[in-house]
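Asker: Provide a 3D model corresponding to the input given below.
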Amino acid sequence: MRDTFSTTVEKTNRILKDIEKAYGWPKERRNQSYAALRAVLHSLRDRLTVDESAQLAAQLPLLVRGIYFDGWDPSTVPVKMNKEQFLERVRHEFRYEVEGGVEPLVHTVLQALRRHVTDGEWDDIMSSMPRDLAAALA
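Answerer: Residues are numbered from 1 along each chain as shown. Next up, the predicted model:
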């Protein structure tokens, strides 16, 4: 059990560090990288069907999976969102100003998560999105 916990903490920290590195944020801004991860995860989760959401979550590190499901109401998904609506949802949850705006932030967070998701699952996620949103997330 100790190894599982240590591994998930390491993987979660690596994701947060990837976000911080992309923006040059020091570790002291960890709350900001966490807020970015959370906002993107929740927007993505709510855009997916229950089945697709569960399949994605199964591949995420344990702590990230907890963030992903925090506050989830599966009876209200999927929420149909185009690119602008998705970005607005992230903007609403991520209360910080970020250089370049929210679209590059979404891309940065997804790239940090990407290493934990199989190609097949990633393709399934992207194919379930509207074209303009999938292009922004790719």
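
Asker: once you drop chain neighbours, what's closest to Asp132?
Answerer: Once flanking residues are discounted, Asp132 sits nearest to Lys83: 4.2 Å by Cβ to Cβ, 6 or more residues apart in numbering. (Each C-beta comes from the backbone N, C-alpha and C, glycine too.)

Asker: ugh, wrong one, Ala138
Answerer: Distance criterion Cβ to Cβ, 6+ apart; nearest residue to Ala138, sequence neighbours excluded, is Met126 at 6.4 Å.

Asker: and the one you found, backbone torsions?
Answerer: The phi/psi pair for Met126 (degrees, to the nearest 10) reads phi -60, psi -40.

Asker: surely it touches Ala134?
Answerer: Yes - if you go by Cβ atoms under 8 Å, Met126 and Ala134 touch, sitting 4.6 Å apart.

Asker: buried residues in the strand or helix carrying Arg30?
Answerer: Here Arg30 sits within helix 30-47, counting by DSSP states H and E. Buried residues in helix 30-47, defined by neighbour count with 16 or more other Cβ atoms under 10 Å: 32-33, 35-47.

Asker: remind me, longest helix of this structure?
Answerer: In the chain, taking DSSP state H as the definition, the longest helix is helix 2-23.

Asker: let me see the mean pLDDT of that helix.
Answerer: The average pLDDT for helix 2-23 rounds to 93.

Asker: residues in contact with Gly71?
Answerer: Counting by Cβ atoms under 8 Å, 6 or more residues apart in numbering, Gly71 touches His42.

Asker: next, it: secondary structure please.
Answerer: Assigned with DSSP: H, G, I helix; E, B strand; the rest coil, Gly71 falls in the coil class.

Asker: what's in contact with the least confident helix or strand in the chain by mean pLDDT?
Answerer: Across the helices and strands of the chain, mean pLDDT, DSSP states H and E gives its lowest value to helix 131-137, namely a mean of 84. Applying Cβ under 8 Å, 6+ apart, the contact partners of helix 131-137 are 47, 81-83, 86-87, 103, 106-107, 110, 126-127, 129.

Asker: now the residue nearest to the spatial centre of the chain, nearest residue through space, not along the chain?
Answerer: In the chain, the centroid-proximal residue (Cα atoms, centre = their mean) is Leu41; its distance is 3.1 Å. Spatial nearest neighbour of Leu41, chain neighbours left out: Tyr68 (4.7 Å); criterion: Cβ to Cβ, 6+ apart.
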